[in-house]
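Student: Can you look at this prediction? I've put the sequence above it.
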Amino acid sequence: MAATTRFELVSPERLFFSQPAEMVVVPGAEGDFGAQPGHMPKLATVRPGVIVIFEDGKPKERIFVAGGFAEITQDTCTVLAEEAELVSDLSMKVVEARFDAANLAYQASLDGDDETMLKAESELRIAQAMLSAVKGELAYH
């Protein structure tokens, strides 16, 4: 078995994931990055997207995150996520409804104050990333 790094994903509700992984690919704000054993220490902002956990050289698990922060050390990758859910548990119908609602809220916010618009824009980015994650999951089947 290949060397592993400890991967932990924490959401506001719970410790979502905690297990060894050969590599974890995280959607960073400045681009995706992989965390492997012996990685140089790094702190990064996480954008809405999919974390991919590798085992035996292949993707084992895909987890949608709505953003957050990541800390990587030589032997650990910890992600503090605003929201997390297994991509396989996401429903296309529910995600499409969330996207539609976010899009409507964003359109309505264009005539409002900056704070309301920024919040609506953020939710729309999350909904778009979630929709992309579900569509990508369907492509794996």
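Tutor: Received it, and whenever you're ready, just let me know what you need.

Student: Can you classify the residue of the chain positioned farthest from its centre by secondary structure?
Tutor: Most distant from the centre of the chain: Asp111, at 30.2 Å, with distances by CA atoms, centre = their mean. Of the three states, Asp111 takes coil under DSSP: H, G, I helix; E, B strand; the rest coil.

Student: now swap in Ala129 and tell me
Tutor: helix.

Student: Which parts of this structure are strands?
Tutor: For the chain, the strands defined by DSSP state E occupy 5-10, 15-21, 23-28, 31-35, 42-46, 49-55, 58-65, 68-72, 76-81, 84-86.

Student: any chance of the ones you listed in CSV, plus distance to Lys93 and mean pLDDT?
Tutor: To be clear about C-beta, it is placed using only N, CA and C from the backbone, and glycine gets the same treatment. Shown next, in CSV, are these (distance: least, CB to CB, whole Å; pLDDT from 0 to 100):
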stretch, distance to Lys93, mean pLDDT
strand 5-10, 25, 96
strand 15-21, 23, 94
strand 23-28, 24, 96
strand 31-35, 28, 94
strand 42-46, 26, 96
strand 49-55, 19, 95
strand 58-65, 16, 95
strand 68-72, 26, 97
strand 76-81, 23, 97
strand 84-86, 15, 96
